[in-house]
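Engineer: A predicted structure for the sequence below; I have some questions about it.
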Amino acid sequence: MVVEQRGPFGGRDAAPFGLDSGDEELNMTHTRDSSRAIAYARARRSAQRWIDSYRPAGTLYPAVCRRCHATHWQGRWRWDDAPPDLAPVLCPACERMQDRVPAHVVELRGALPRWWGEVQGLIANVEHLETEQHPLERVMRVEVGDDRVLVSTTGMHMARQLVAAIVRRFRHRVRLTFTDVMTSIEWLEPAEPRAGKA
């Protein structure tokens, strides 16, 4: 008899299992899928608890950013055209960029060079889509080093979307490590094919 178990994360960690659960291979698959779902849940909880010290407490009067021209209107920042009488301020994203203080950093390392062109495209696409919808979510800078690449963002949401896009594309070729200030993505070397017997 086979029962399908649906997990709390919308079925991504769902796996069929026997009632006696004596099948080790099946349990290993379930554990691997569950650990991925648990890692994402931790990252999601961390993002929800995160408080941006650059966003003012309380309600902000209608204003326009003097640098990027985003407007704060009806409780949120948007890219709408600003009425002429709005007060000029510096939005939290521009203030972060001026102070060079990222909200979150995505570190890319490992066997990345052969995928770097594709990863650059993913970063550009996610940045365009997220910034278009959320003016305070931006990529601050991309620092390319000898053994790693650091992508600094002005918000946790942008970092989460970057990580999600990379994981969707490279699924089993990457290993993730989450902390409050940095997400590390390590590209794993592909397994060398075994030489066939002659």
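Structural biologist: Sure, I can see it.
Engineer: give me the element residue 128 is part of.
Structural biologist: helix 116-133 (DSSP states H and E).
Engineer: and that helix, what's buried?
Structural biologist: Neighbour counts over helix 116-133 (16 or more other CB atoms under 10 Å) mark 119, 122, 123, 126, 127, 130, 131 as buried. Quick note: C-beta positions are derived from backbone N, CA and C, even for glycine.
Engineer: please export the C-alpha coordinates of that helix as CSV.
Structural biologist: What follows is helix 116-133, C-alpha atoms only, in CSV (Å, rounded to 0.1, in the frame of the first residue of the first chain):
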residue,chain,number,x,y,z
TRP,A,116,29.7,32.7,-15.8
GLY,A,117,28.1,34.0,-19.0
GLU,A,118,24.8,32.4,-18.2
VAL,A,119,24.9,33.5,-14.5
GLN,A,120,25.5,37.1,-15.6
GLY,A,121,22.4,36.8,-17.8
LEU,A,122,20.3,35.4,-14.9
ILE,A,123,21.5,38.3,-12.6
ALA,A,124,20.6,40.9,-15.2
ASN,A,125,17.2,39.4,-15.8
VAL,A,126,16.3,39.1,-12.2
GLU,A,127,17.6,42.6,-11.5
HIS,A,128,15.4,44.1,-14.3
LEU,A,129,12.2,42.3,-13.3
GLU,A,130,12.6,43.0,-9.5
THR,A,131,13.6,46.6,-9.8
GLU,A,132,10.8,47.3,-12.2
GLN,A,133,8.2,46.1,-9.6
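Engineer: can you name the next helix or strand after that helix?
Structural biologist: Later in the chain than helix 116-133, the nearest helix or strand by DSSP H and E is strand 139-144.
Engineer: next, the angle from the helix holding residue 128 to strand 139-144.
Structural biologist: 170 degrees (axes from the mean of the first three to the mean of the last three CA atoms, to 10 degrees).
Engineer: for helix 116-133, packing partners?
Structural biologist: strand 139-144, strand 148-153, helix 156-170 (3 or more CB pairs under 8 Å, 6 or more residues apart in numbering; DSSP states H and E).
Engineer: okay, these, which one's buried deepest?
Structural biologist: With neighbours taken as mean count of other CB atoms under 10 Å, the helices and strands packed on helix 116-133 reach their highest mean count in strand 148-153, at a mean of 21.
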